[in-house]
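>>> Got a predicted structure here, sequence first:
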Amino acid sequence: MKKLAIAVLGLAGVVSFSAQAQLKPEDAIKNRQAAMKLVGYNFGSVGAMVNDRKPYNKDEAIRNASRIDALSSQPFEFFGAGTDKGDTKAKGGCLERHGAKFTAASEKFQAEAAKLAQVARAGDMAALKAQFNATAGTCKACHDDFREK
Amino acid sequence: MTRIVKVWDLPVRLFHWSLVLLVVSSFVTGKLGGTWLEWHFRSGYCILALLLFRVVWGLAGSQTARFSDFVHGPARVLAYSRSLLGGRTPFHAGHNPMGGLMIVLMLVLLLVQATTGLFADDDIAARGPLADKAPGAIVSLFTTVHRININVILACVALHICAALFYLVVKKDNLIGPMITGSKPVPDDHPAPSLTSPARAAIVLAAVAAFVVWLVKFYPR
């Protein structure tokens, strides 16, 4: 089942990647913002739990973290040429000018997001809090460098 | 001839040094991010309460704490700044005209910082307690102001420290010591400022603290 899911996700990735060529920049921007929004919604929920702003619920934490993990690579498929202009705070030429650095920053986030999902399943609150911090750090690092204030 | 006179009441001195600690803690926790932002929020609430207290104390506090004692027109500020370089600087028991200008500037900048922080959203997992009460455009604008204004505050802090050191080293006038002890040598022909009871300050502080708690904990519900 898991293998099948990975295969489907992989295929979806290939399809969306090849489909991106025809995507209009404004649609690419909308797509990555939508993905970021959902990541943010789920991450905010984990944040509220580890910060005691809402009661800890293991199942909800697992659901949130798994979604973040699943979505973590999505936004970065939509940073192609021309997508730095329009209704976006992304700094000019994220990919073109800072390709390697930008990609490395996005991969760090994806790695921490995967770990977040793992830690959430283990159900240890202290570990989840630590991993929330590690993940938030990768969000912040990228926002600091590649996002207009 | 001079004599030692108490020029700063306890509330002003406590305000000053708590603000120093809280601005540092707010800056550090803001940069650390993640779960440190919970402390960033708390630190900001304390700053907001302190600022509101200081505004009230500037209207109804001790003589040297009052805005009417240290807020002057541009002509007076300019004349004073010229006298600084000229050598003979007029004596002020409380804040001098340029210091007064810095206080107003700092209060305004910090009030802007604390207020915009209440509405800010870092787009990661932290949201100011009033962000849900405002339209998205306001949240976005205030977040940007919050991020940029900190640099203006840092510049003012640097200028403020440099000015204190300039008085200490060049003018041989220690402004830092009196802000700790409250007392300094005052020429005989200058009357001692009248100081208000700290009990009144405690009542003011309790009132503004209650308001801030209501604003960030109860009002958003």
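Arrived safely. Residues are numbered from 1 along each chain as shown, chains lettered A, B, ... in the order given.

>>> for the record, mean pLDDT for stretch A:110-130?
Taken as a whole, stretch A:110-130 carries a mean pLDDT of 96.

>>> tally of neighbours for residue 59?
No chain specified, so I'll use chain A. The number of residues packed around A:Asp59, counting by other C-beta atoms under 10 Å in any protein chain shown, is 9. C-beta: built from backbone N, CA, C; applies to glycine.

>>> Chain B is the one I meant
Applying other C-beta under 10 Å, we find 10 residues neighbouring B:Leu59.

>>> ok, now which ones touch it?
B:Leu59 sits next to B:Arg66, B:Phe67 when contact means C-beta atoms under 8 Å, 6 or more residues apart in numbering or on different chains.

>>> Show me which residues of the one helix or strand it maps to are buried.
Using DSSP states H and E, B:Leu59 sits within helix B:36-60. Judged by neighbour count using 16 or more other C-beta atoms under 10 Å in any protein chain shown, the buried positions of helix B:36-60 are B:36-38, B:40-41, B:43-54, B:56-58.

>>> so how far is it from its chain's centroid?
Going by C-alpha atoms, centre = their mean, to the nearest Å, the spacing between the C-alpha centre of helix B:36-60 and its chain's C-alpha centre is 9 Å.

>>> Downstream of it, the next helix or strand is which one?
For helix B:36-60, the following helix or strand on the C-terminal side (DSSP H and E) is helix B:67-70.

>>> which residues of the chain fall in helices?
No chain was given, so I picked chain A. Counting by DSSP state H, chain A forms helices over residues A:2-19, A:25-50, A:58-71, A:94-122, A:125-146, given from the N-terminal end onward.

>>> that's the other chain; I wanted chain B
B:10-32, B:36-60, B:67-70, B:74-86, B:97-119, B:136-169, B:176-181, B:198-213.

>>> Arrange these in CSV, one row each, with mean pLDDT as further columns.
Output for the helices of chain B, formatted as CSV (pLDDT from 0 to 100):
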stretch, mean pLDDT
helix B:10-32, 97
helix B:36-60, 97
helix B:67-70, 96
helix B:74-86, 90
helix B:97-119, 97
helix B:136-169, 97
helix B:176-181, 97
helix B:198-213, 97
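
>>> Redo the ones you listed as CSV? Include distance to A:Lys101.
Putting the helices of chain B into CSV (distance: least, C-beta to C-beta, whole Å) gives the following:
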stretch, distance to A:Lys101
helix B:10-32, 20
helix B:36-60, 25
helix B:67-70, 49
helix B:74-86, 46
helix B:97-119, 30
helix B:136-169, 21
helix B:176-181, 44
helix B:198-213, 41
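
>>> out of those helices, nearest to A:Met36?
helix B:136-169 (14.2 Å; C-beta to C-beta).

>>> Any figure for the gap between the residue in chain B that chain A sits nearest to and B:Val23?
Scanning chain B for proximity to chain A using C-beta to the nearest C-beta identifies B:Ala125 as nearest, at 3.2 Å. In this structure, B:Ala125 and B:Val23 are separated by 24 Å, where distance is defined by C-beta to C-beta, to the nearest Å.

>>> So these two - more neighbours on which side?
Applying other C-beta under 10 Å to B:Ala125 and B:Val23 shows that B:Ala125 carries more neighbours, namely 25 against 21.

>>> pretty sure that one is touching A:Val39, no?
No: between B:Ala125 and A:Val39 no contact is recorded; they are 10.2 Å apart, counting by C-beta atoms under 8 Å.

>>> Now do the most centrally placed residue in chain B against B:Gly100, distance only.
Geometric centre of chain B, nearest residue: B:Leu107, 4.9 Å, by C-alpha atoms, centre = their mean. Distance of B:Leu107 to B:Gly100, given as C-beta to C-beta: 11 Å.

>>> residues touching B:Asp132, list them.
Residues B:Pro220 are the ones in contact with B:Asp132 under the rule C-beta under 8 Å, 6+ apart.

>>> Check which residues of stretch B:63-77 are buried.
The neighbour-count check on stretch B:63-77 (16+ other C-beta under 10 Å) flags B:Gln63, B:Thr64, B:Ala65, B:Arg66, B:Phe67, B:Asp69, B:Phe70, B:Val71, B:His72, B:Val77 as buried.

>>> Adding distance to A:Phe43, write those residues out as JSON lines.
Supplementary listing: the buried residues of stretch B:63-77 in JSON lines, determined by distance: C-beta to C-beta, whole Å:
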{"residue": "B:Gln63", "distance to A:Phe43": "52"}
{"residue": "B:Thr64", "distance to A:Phe43": "49"}
{"residue": "B:Ala65", "distance to A:Phe43": "45"}
{"residue": "B:Arg66", "distance to A:Phe43": "48"}
{"residue": "B:Phe67", "distance to A:Phe43": "44"}
{"residue": "B:Asp69", "distance to A:Phe43": "50"}
{"residue": "B:Phe70", "distance to A:Phe43": "47"}
{"residue": "B:Val71", "distance to A:Phe43": "46"}
{"residue": "B:His72", "distance to A:Phe43": "50"}
{"residue": "B:Val77", "distance to A:Phe43": "49"}
